[in-house]
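A.B. asks: okay, here's the prediction I keep looking at, along with the sequence it came from:
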Amino acid sequence: MNRTSRTTRSNFRIRYWLLASSLLMTLGTSNTLWAQSPNPSDWASVVQKAHDQALYFYTWGGDQQTNDYLVWVAQRVAEEYSIRMTHVRLSDTADAVSRILAEKQAGNTDRGAVDLLWLNGENFANLKNNDLLFGPWAEQLPNFALVNADANPGVRVDFTVPVDGYESPWLRAHLVFYYDSAYVDSPPANVAALLAWARQYPGEFTYPRPPDFLGTTFLKQALLELTDDPDPLYRPVNESNFSTITAPLWGFLDALHPLLLRQGRTFPANGPELRRLVADGEIALAFSFNPTEAVNSVIRNELPESVRTHVPDRGALANVSFVGIPLNASHKAAAMVTANFLLSVPAQLRAQDPQHLGGTPVIDVGTLSPAEQAQFAASRQSHPAAPPLMTASQPLQEPHPSWIDALEQAWLTRYGSR
Amino acid sequence: MNASRLTLKNIDIRLHGQILLELDTHVEPGAPLTVMGPSGVGKSSLLAYIAGFLSPDFQASGEIYLGERCLNGLPAEQRKVGLLFQDPLLFPHLSVAQNLMFALPSRAPDRARLVEQALQAVGLEKFGHRDPATLSGGQKARVALQRLLLSQPKAVLLDEPFSRLDAHLRQEIRQHVFQTLRDAGLPTILVTHDAQDAAASGGPVIELK
Amino acid sequence: MLRAAPWLMFGLLIMPVLAGLTAIVLPAFGYLPALQQTEPGLMVWRELLNTPGIGRSAALSLSAGLLTPLLSLLLVMLFLASTSGTRWAHAMRRLVAPLLAVPHAAAAFGLAFLIAPSGFALRLLSPELTGWQRPPDLLILNDPLGLAMMLGLVLKEIPFLLLMALAALPQLNPDQRVTMARTLGYRPILAWLWTVAPALYPLLRLPLFAVIAFASATVDVALILGPTLPPPLSVRIIGWFSDPDLNRRLLASAAALLQLAITLSAIGLWIVAEKMIARLYRKLLLGGIRLSGHALLNVAGKSLMVITLGALLLSLLLLVIHAFAGPWRFPANLPGSWTSQHWLSVGSVLLAPLSNTLLLGLMSTVLAVLLVVAALEHESRQGKATTRLLWAIYIPLLVPQVAFLYGLTLLLEQLRWQPGLLLVGFAHSLFVVPYVYLSLAEPYRRLDPRWQQLSATLGASPNRTWWQIKLPMLMAPIATACAVGLAVSIGQYLATLLTGAGRVSTLTTEAVALASGGTRSTIAVWALLQSAVPMLGFVLAITLPRFWWRNRRDMRGQLT
């Protein structure tokens, strides 16, 4: 592969740029980069190398339950592998991306701040396309077998972008609606039915403003439901037919916005704020990308017990969360060992447990031993607010990541300034 | 104590190019020089120049001798010129005794006894541990004078030190100060606009306009 | 040593700002080789100008930058005029310093809890007066004109300006001026407005410029209370810098330069307005208005201040209530049950952020106080004030943070400095030094020069004088300056995030990270923690000197 020549070229560019901005300093060369990186095929040596290593694990820090879960992960990897893990909580995953970029600009090729990063979709595509990710390594992890990737090809594709072993799956998620049954009798069956529902209940729904990830998810879900031909959505955006393809979406939103909370003059910032609006009784219908968010929130007394969850009947957007290792990460061995631990049965079991994280496992529970299967079955929730199980026909695959930015920009152009 | 005269040679102080004061004289121990004049004629600037902390806003020239020693160029703390201000200015964060102790040169032996004696000399031997804020005006003035003497100055400058005192105290403190300084044999310059101060000093008087 | 202090301070404050700005100039003109952008030109600017709503964003930033200081100044001046010479001023000073300790984000959250459609104010009125069983669909927060955001800013800037004014007033002898004017037949408030205000204003000018810069480029307050469609420019810059599409960083760089231009224009417009108002003011003053409007001014001055500070206090109280609240649905006036659960859940992750916060505060404050005291002592020994330096000190406050911090981060990376406490502490001191200087310069200069002269005539060297006379006498203001420094350090969000590579977590970074996903109660807990530490600092700064000097009567009057 021609990675070496590409690195040299970009080094040359950086050097030139530094000269131009009169910031003269010497740059470390990166020839030793590959020599030092641990080889995931030799797992014993990776574990040995990870011993007593530090690990900086960067994630979005807005969810207390995920944070608590990662406190547990830090304890376990310390006990089992002597890894000193620090969980770095971000207000936005893209902050870490910007950090990695700044390091690349500075020619820092082997002492990066970020060792392991929770990411998917657009962030992954950007990092991968800019050669900022270490890999391939993910499919060599011992626990990757538990994912049963051949039967679950979804874990090899992240928003249509091939993963190619550059990130390791962690959790699954899909879109659900939740509603407060104290205020409305029933939710809309799907996004397309939302318009009629909103006419009946004006001011009872809103969505986070794009480019928030959940807001954009709503746009994608709506577009997938409204379009006659979803195929172009799985290819890179083509400017020539963008407006034709998205026309039904804008027609839908134009009609919907006056029926939203505050008549669509302002939108909540993100999913948690959307949940607060339900908690405050400002709206009666919301949605989440964590199917058990409503259950978890009811258990924590953050949402009233009258809340119920509902899966859209025309299918729900679904995807997988991954963890990736930046090319310049300082502690790659510890990062791989931790990624492997996240896929282990105890870690996935705890992730599913509503007392802890309440997520959906990414490993294929059906391939586990009967005893382990029983454990997973036991921790599955039977709460009134719990969603019904997804059927095989329901998941909608994520469109190509280029649609995210195109939809966001088009939304901002239409509604971002009024 | 080795008494020596204070000589002021061709002193010339200006502010923004305008002459405030010109002086050429000398002061003998025991014969305090009184400089009189209305406010704003530069009396205090004269004292600041002699003591060594005239603001750089002023332009000043002329030589100052204490005995054979030229004071020009020496920092204020090495000039051995003591100064009494309008207010007694006892350091508010120190006790009375600590105020006196501060003035004692560090090499002085048996510092505590010297302080005790200084307090006794003005009848304040019980006041050493007191907060200076609790002293009366007259007591403060006496402590301030004792503090000045403990710093072992070779000359003393008085900047209207009696003007803020009540009338009945003024006479008494004035007597006390002049007597003490005469006994110590220190050349003294008094700046005032009170003719009675000048009369009490018993020395030559210069009037500025 | 001392001689180097002003220059050291100058370098510490100017260099990083200039370097940070330089580092974004090239990307703003389309040059960012790391992203294969190597053809300089104006296309980034064209793209910026074609961004939907960019004009609106810029206008919002500009108007917030002008209206916030104007409103704050009016309220502060009216209040001071109506309370001059009364016990109010003294009581206010006590109240205001701890309020200054409340970080902007915490105050904004509290205000949101108060005025939101589901907030405390409407809960009190509902359902009895309004008949509402559910929150009304009213656009109060995030209004398109930015009124809620400006209100939040005004609430936080008033304590700042008030403290600055109260610190500057004594040197003007306001009582004497007012008495003088009253003997000429002016009612007290008009007497104050005609004789004290014009003299006070020049002393508030630089703090006002800092308010303009802050208000025109605020990020945290705008995120919580500000308009969203579109948001003010600063928020969009942050969004672009952290956009997963890395090429948007070019846009962010150009927008950061635009932000700088907007802040500078706001200051420029202010200076122009100053000239016009000064002329008008003189005309009014010479018009000899003695009596009219006195009662109105009196009531307005006091009541407006009571309302604003009351709103701020109530906001803080709401944070406390939310931090212990169980389920609390509209329209209940108070939570149905109380719980300490929110505090317990924070406990597991509190230690690192808390110790980092304290270490950073200590480090940057000690560095700042040493530098500022050295510079002031140098000045005092020279006998001259260096006014040019004062502008340098304000640079980090006048240049919007978003405009230079990203470039600075880039630069530090290029120097291969490992992100860590030391680096973040250094970044904090960029903002701590100016505020410490602001808080300490006046008391330091006001110390009667005769103490120093007297000490010298008693044979004490300048160093001995400093240690034994000036340091103890200035203990109270130095303690206050330390508390101010600590509060400023604790409030830093962007500087911590960027220079610390996110690895250095503080109470503030945790609070803002959780605010993106937390419940009201979690937010309240973090906001309170974030306020408690600096408040404790202020309490100590006020009580410790009092305790220390309990047997020295004349040392007690001059505190803070």
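C.D. replies: Structure's in. What do you need?
A.B. asks: run the chain-centre distance for the helix or strand of chain B with the lowest mean pLDDT.
C.D. replies: Ranked by mean pLDDT, DSSP states H and E, the helix or strand of chain B with the weakest confidence is helix B:195-201, at a mean of 86. In terms of Cα atoms, centre = their mean, to the nearest Å, the centre of helix B:195-201 is found 16 Å from the chain centre.
A.B. asks: which helices and strands does the helix ranked longest in chain B pack with?
C.D. replies: Criterion DSSP state H: the longest helix present in chain B is helix B:167-184. Where contact means 3 or more Cβ pairs under 8 Å, 6 or more residues apart in numbering or on different chains; DSSP states H and E, helix B:167-184 is packed against helix B:137-150, helix B:195-201. No exception for glycine: its C-beta is placed from N, CA and C like everyone else's.
A.B. asks: could the C-alpha coordinates of it be exported in CSV?
C.D. replies: The C-alpha coordinates for helix B:167-184 follow below in CSV (Å, rounded to 0.1, in the frame of the first residue of the first chain):
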residue,chain,number,x,y,z
ALA,B,167,-5.3,73.2,70.3
HIS,B,168,-4.7,72.2,73.9
LEU,B,169,-2.6,69.2,72.9
ARG,B,170,-0.7,71.1,70.2
GLN,B,171,1.3,73.3,72.7
GLU,B,172,2.2,70.3,74.8
ILE,B,173,3.3,68.0,71.9
ARG,B,174,5.2,70.9,70.3
GLN,B,175,7.2,71.5,73.4
HIS,B,176,7.8,67.8,73.8
VAL,B,177,9.1,67.3,70.2
PHE,B,178,11.4,70.3,70.2
GLN,B,179,12.8,69.5,73.6
THR,B,180,13.5,65.9,72.6
LEU,B,181,15.1,66.8,69.3
ARG,B,182,17.2,69.4,70.9
ASP,B,183,18.4,66.9,73.5
ALA,B,184,19.2,64.4,70.8
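A.B. asks: which residues outside the next helix or strand after it are in contact with it?
C.D. replies: Next helix or strand after helix B:167-184 toward the C-terminus (DSSP states H and E): strand B:188-192. When contacts are defined by Cβ atoms under 8 Å, 6 or more residues apart in numbering or on different chains, strand B:188-192 is touched by residues B:6, B:27, B:32-36, B:43-44, B:46-47, B:50, B:155-160, B:162-163, B:181, B:197-198, B:201, B:203.
A.B. asks: neighbouring strands - and their directions - for strand B:188-192?
C.D. replies: Strand pairing for strand B:188-192, using DSSP bridges, gives strand B:33-36 (parallel), strand B:155-159 (parallel).
A.B. asks: what angle do that strand and helix B:167-184 make?
C.D. replies: Angle, strand B:188-192 to helix B:167-184, by axes from the mean of the first three to the mean of the last three Cα atoms, to 10 degrees: 160 degrees.
A.B. asks: so which bits of strand B:188-192 are buried?
C.D. replies: Residues of strand B:188-192 classed as buried: B:Thr188, B:Ile189, B:Leu190, B:Val191, B:Thr192 (neighbour count, 16 or more other Cβ atoms under 10 Å in any protein chain shown).
A.B. asks: from those residues, which is closest to A:Phe267?
C.D. replies: Nearest to A:Phe267 out of the buried residues of strand B:188-192 is B:Val191 (Cβ to Cβ; 76.4 Å).
A.B. asks: what angle sits between the longest helix of chain B and helix B:137-150?
C.D. replies: 20 degrees.
A.B. asks: which residues touch helix B:167-184?
C.D. replies: Contacts for helix B:167-184 (Cβ under 8 Å, 6+ apart): B:1, B:30, B:32, B:84, B:137-138, B:141-142, B:145, B:149, B:156, B:158, B:161-162, B:165, B:188, B:196-197, B:200-202.
A.B. asks: before we move on, back to that, most tightly packed of the strands paired with strand B:188-192?
C.D. replies: The highest average neighbour count among those, using mean count of other Cβ atoms under 10 Å in any protein chain shown, belongs to strand B:155-159 at a mean of 25.
A.B. asks: may I have that one as PDB, with CA atoms only?
C.D. replies: Taking Å, rounded to 0.1, in the frame of the first residue of the first chain, the C-alpha atoms of strand B:155-159 are listed here in PDB:
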ATOM      1  CA  ALA B 155      18.600  64.600  60.800                       C
ATOM      2  CA  VAL B 156      14.800  65.100  61.300                       C
ATOM      3  CA  LEU B 157      12.200  66.600  59.000                       C
ATOM      4  CA  LEU B 158       8.900  67.800  60.400                       C
ATOM      5  CA  ASP B 159       6.000  68.100  57.900                       C
END
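A.B. asks: from the middle of its chain, how far away would stretch B:177-185 be?
C.D. replies: Worked out by Cα atoms, centre = their mean, stretch B:177-185 lies 12 Å from the chain centre.
A.B. asks: spit out the contact partners of C:Val221.
C.D. replies: By Cβ under 8 Å, 6+ apart, C:Val221 lies in contact with C:His104, C:Ala105, C:Ala108, C:Met149, C:Gly152, C:Leu153, C:Lys156.
A.B. asks: gap between the helix or strand that contains it and the chain center?
C.D. replies: Per DSSP H and E: C:Val221 is located in helix C:220-225. The chain centroid and the centroid of helix C:220-225 are separated by 14 Å under Cα atoms, centre = their mean.
A.B. asks: is any residue of the next helix-or-strand element following that helix near chain A?
C.D. replies: As assigned by DSSP H and E, the chain's next helix or strand after helix C:220-225 is helix C:233-241. Yes: using Cβ under 8 Å from any Cβ of the partner chain, we find that helix C:233-241 touches chain A at C:Gly239, C:Phe241.
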